[in-house]
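K.L.:
The sequence and its predicted three-dimensional model are supplied below.
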Amino acid sequence: MNEVETFVIVPTYNEADNLDDLVTQLLALPVNLGVLVVDDNSPDGTGDLADAWAEKEPKRVHVIHRPGKMGLGTAYIAGFKKGMTELDAKRIMTMDADFSHNPRYIPAMVELSETKHVVIGSRYVPGGGQENCSWKRIMLSKGANMVAKILLGLKAKDTTAGFRLYRREVLESIPLDEVFSSGYSFLVEMLFMCQRRGWQIGEVPIIFEDRRAGTTKISKNEVFKAQYTVFRLFARRLRGTEPRRPAVPVSTL
């Protein structure tokens, strides 16, 4: 059995400017956690940096190499599967590699997971916010949240956040191979399925900071995909095809 119970999935594509600093900060936290880098064949050598960390910290750093850019959602699913089947993870977190999600919030998220099944690093609860973000990005985020909350009935304040913690039993209750979304809309679909299964969702306030280095991965195509995903899930909600209670017994860690 792996002694590390919490793993953080970090999807990467051209994040060589950020990865060393991020992994250093993650491993220095007062939480016994590991890092699972999912690299999409970054031409800037991010995958090689991740391999160097895995060689130096074989119990705490692991790497999945993929042949190319395959989408954020599929990166997370690959990490979920490895975390549960090979690493015996009890909690699996997701975060960006660009420091828009600051590692300093992770201890509070892990602590809240003692009583909540899904924990969101949230911009939209008291104490949360955004820094160095353009007004267009802020409006896009708030608009997406409003639409998701209205059409899908989501209760969380920050429905599009990628900074999350899932307890193992949550991921075991979700048919990961049936998740349709592959990009950023994957985040909304996962939250929709978590809520419909009755899992308890909590939020920890964070300050979301625009990336320090590199370029954003959000494109107009991703925005259109997200809109499609919300309306597709809205149709599923109307049909009542999603479960309304946990598919496995609720347990405590």
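P.N.:
Looks like it came in fine. Residues are numbered from 1 along each chain as shown.

K.L.:
rest of the way, CA atoms for contacts and neighbours
P.N.:
Fine.

K.L.:
where does the chain dip in pLDDT?
P.N.:
Low-confidence segments of the chain (pLDDT under 70): 1-2, 135, 211-226, 228, 241-253.

K.L.:
Would you point out which residue is most central in it?
P.N.:
In the chain, the residue lying closest to the centroid (Cα atoms, centre = their mean) is residue 94, at 3.1 Å.

K.L.:
burial of the closest residue to that one other than its chain neighbours, as a residue count?
P.N.:
In space, and not counting its chain neighbours, residue 94 is closest to residue 9: 4.9 Å by Cα to Cα, 6 or more residues apart in numbering. By the criterion of other Cα atoms under 10 Å, residue 9 has 28 neighbours.

K.L.:
List the contacts of the host helix or strand of residue 9.
P.N.:
Taking DSSP states H and E as the definition, one finds residue 9 inside strand 6-12. Here strand 6-12 makes contact (Cα atoms under 8 Å, 6 or more residues apart in numbering) with 32-40, 42, 46, 72, 75-76, 79, 83, 89-97.

K.L.:
Try it again at 6 Å.
P.N.:
For strand 6-12, the surrounding residues in contact (Cα atoms under 6 Å, 6 or more residues apart in numbering) are 33-39, 89, 91-95, 97.

K.L.:
next SSE after that strand?
P.N.:
Assigned by DSSP H and E, the successor of strand 6-12 is helix 16-28.

K.L.:
Which of the three states applies to residue 37?
P.N.:
What DSSP: H, G, I helix; E, B strand; the rest coil gives for residue 37 is strand.

K.L.:
brain fart, residue 64
P.N.:
Here residue 64 is strand, with the state taken from three-state DSSP.

K.L.:
contacting residues for it?
P.N.:
Residue 64 neighbours (Cα under 6 Å, 6+ apart): residue 38.

K.L.:
Bridge partners for it, pull those for me.
P.N.:
Counting by DSSP bridges, residue 64 is bridged to residue 38.

K.L.:
any idea where the helices of this protein begin and end?
P.N.:
All helices of the chain, identified by DSSP state H, fall at 16-28, 46-56, 72-85, 106-112, 135-152, 168-172, 186-196, 220-239.
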